[in-house]
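Participant: okay, sequence plus prediction incoming.
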Amino acid sequence: MPNPITAPFPATRMRRLKRSAALRGLAQENVLTVQDLIWPVFVMDGEDAQTPVPSMPGVARLTVDHVVEAAREAHDLGIPAICLFPYTDPKLKTQGCEEAWSRDNLSNRATRAIKAAVPDIAVMTDVALDPYNINGHDGIVRDGVIVNDESVEALVKMALAQAEAGADILGPSDMMDGRIGAMRTALEAAGHQDVAILSYAAKYASAFYGPFRDAVGASGALVGDKKTYQMNPANSDEALRLVGRDLAEGADMVMVKPGLPYLDICRRVKDQFGAPTYAYQVSGEYAMIMGAGAQGWINEEQVMMESLIAFKRAGCDGILTYFAPRVARLLRG
Ligand SMILES: NCC(=O)CCC(=O)O
């Protein structure tokens with residue numbers, strides 16, 4: 001830790017380095033670049049269609065052909081990764097979540113299509129059962145209980161199907177115990193030793209996910225809440241235990257989610273482990289900025305940029321954000 005030594009006033013005048021843009025630039029500690037961005041996108045079935053998500057202005061569900069175009073655009077902008085979230089046909093949702101590991105489910109089809117058309121962009125996928133679960137939960141439900149070990153077996157099958165489809169980064173967002181180790185072992189055994197795991201390690205049971213659930217059609221499906229597996233927003237030490245555990249089980253990268261309300265966790269995680277650390281600026285955060293911006297209550301673009309540099313300041317190596325293409329265009333100038 002640096003130990004800041006400052007001479008007393010007037011020898012020290014903190015305003016000296018704020019006097020011009022040039023001096024402010026020289027003294028700037030953190031920088032946001034396009035390389036820091038992961039773009040989450042919503043995929044739906046069909047062809048040549050886009051359905052706007054009302055609670056996320058500027059965001060739409062895209063059919064696979066449009067997702068491929070989005071990936072091409074992202075790659076051209078220099079965005080390193082795109083993250084897929086499927087809007088699953090309710091008819092495909094079951095108690096056993098079998099569609100989750102179907103070779104040709106929507107997410108796997110989108111992964112294949114992107115990797116065929118834009119091979120250099122990294123494709124990240126979501127490993128959790130909620131898009132395929134009739135109960136809307138991330139794990140399998142038996143008699144009203146989310147059963148851990150059976151869910152992990154299902155998640156491993158899902159992870160293998162995603163790796164088979166060509167995913168570069170798997171994002172287990174389910175918060176079951178033991179899933180990272182089980183996935184890592186299975187990936188090694190199946191010859192997918194180079195597939196990275198970005199663990200949603202410190203994922204809080206948050207009300208900020210509301211618009212996302214609208215986007216993937218999960219709002220109506222969820223029975224109860226996710227408090228028996230996601231974190232209590234009041235906890236901080238627990239995040240370190242979870243991150244440490246996931247790294248020890250073979251995660252390559254770790255995530256804190258949501259983002260802005262949990263910057264203290266980002267900083268603690270980065271300081272404690274020094275691992276590649278990401279934050280997810282979630283749908284509710286996006287909606288708040290867009291909503292207030294639309295009212296003219298804040299300057300949307302400035303708040304967007306300020307919110308993203310805050311993640312860098314808190315120690316994050318990158319950010320999952322729905323703003324990714326807009327930011328990339330802005331950074332490009
Ligand atoms: N597993 C992915 C999410 O829960 C996303 C949350 C959001 O953007 O609100």
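Facilitator: All right, it came through fine.
Participant: tell me the confidence at the residue lying closest to Ala279 once chain neighbours are set aside?
Facilitator: Counting by C-beta to C-beta, 6 or more residues apart in numbering, Gly259 is the residue found nearest to Ala279 once chain neighbours are left out, at 4.0 Å. Every C-beta, even on glycine, is put in place using the N, C-alpha and C of the backbone. Per-residue pLDDT puts Gly259 at 98.
Participant: burial count for the residue lying closest to Lys18 once chain neighbours are set aside?
Facilitator: Leaving aside its chain neighbours, Lys18 sits nearest to Arg24 (5.8 Å; criterion: C-beta to C-beta, 6+ apart). For Arg24, the count of nearby residues is 11 (other C-beta atoms under 10 Å).
Participant: list the buried residues for the host helix or strand of Arg24?
Facilitator: According to DSSP states H and E, Arg24 maps onto helix 21-27. For helix 21-27, a neighbour-count test (16 or more other C-beta atoms under 10 Å) marks nothing as buried.
Participant: surely the residue nearest to Ala279 and Ser283 touch.
Facilitator: No. Taking contacts as C-beta atoms under 8 Å, Gly259 lies outside contact range of Ser283: 10.9 Å.
Participant: nearest to the ligand: which residue in the stretch 1-150 of the chain?
Facilitator: Nearest residue of the stretch 1-150 of the chain to the ligand (C-beta to the nearest ligand atom) works out as Asp126 at 5.5 Å.
Participant: what's the pLDDT at that residue?
Facilitator: Per-residue pLDDT puts Asp126 at 98.
Participant: partner strands of whichever strand or helix holds it and their direction?
Facilitator: In the assignment (DSSP H and E), Asp126 maps to strand 122-127. Strand 122-127 pairs in its sheet with strand 81-86 (parallel), strand 169-172 (parallel), by DSSP bridges.
Participant: circling back: between Gly259 and Ser283, who's got more neighbours?
Facilitator: With neighbours defined as other C-beta under 10 Å, Gly259 and Ser283 compare such that Gly259 has more, 27 against 24.
Participant: interface residues of this protein facing the ligand?
Facilitator: Within the chain, the positions near the ligand by C-beta under 6 Å from any ligand atom are 126, 128, 173, 209, 212, 282-284.
Participant: tabulate those (JSON lines), appending secondary structure and distance to Gly46.
Facilitator: Converted to JSON lines, the residues of the chain next to the ligand look like this (DSSP: H, G, I helix; E, B strand; the rest coil; distance: C-beta to C-beta, whole Å):
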{"residue": "Asp126", "secondary structure": "strand", "distance to Gly46": "20"}
{"residue": "Ala128", "secondary structure": "coil", "distance to Gly46": "23"}
{"residue": "Ser173", "secondary structure": "coil", "distance to Gly46": "25"}
{"residue": "Tyr209", "secondary structure": "helix", "distance to Gly46": "25"}
{"residue": "Phe212", "secondary structure": "helix", "distance to Gly46": "20"}
{"residue": "Val282", "secondary structure": "coil", "distance to Gly46": "26"}
{"residue": "Ser283", "secondary structure": "helix", "distance to Gly46": "22"}
{"residue": "Gly284", "secondary structure": "helix", "distance to Gly46": "27"}
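Participant: which parts of the stretch 1-150 of the chain are helices?
Facilitator: All helices of the stretch 1-150 of the chain, identified by DSSP state H, counting those that start in this stretch, fall at 21-27, 64-77, 106-117, 148-165.
Participant: tell me which of those helices sits nearest to Met14.
Facilitator: Taking C-beta to C-beta, helix 21-27 is the member of those nearest to Met14, at 9.9 Å.
Participant: which residues touch the closest one?
Facilitator: Outside helix 21-27, the residues that touch it by C-beta atoms under 8 Å, 6 or more residues apart in numbering are 16-18.
Participant: recalculate using a threshold of 6 Å.
Facilitator: Contacts with helix 21-27, where a contact means C-beta atoms under 6 Å, 6 or more residues apart in numbering, come from 17-18.
Participant: how far does it sit from its chain's centre?
Facilitator: In terms of C-alpha atoms, centre = their mean, to the nearest Å, the centre of helix 21-27 is found 32 Å from the chain centre.
Participant: go on, stretch 103-121?
Facilitator: Chain-centre distance of stretch 103-121: 18 Å, with C-alpha atoms, centre = their mean.
Participant: now do the contacts for Cys83.
Facilitator: 38, 40, 124.
Participant: how close does the first one get to Asp126?
Facilitator: When C-beta to C-beta, to the nearest Å is the yardstick, Ile38 and Asp126 sit 12 Å from each other.
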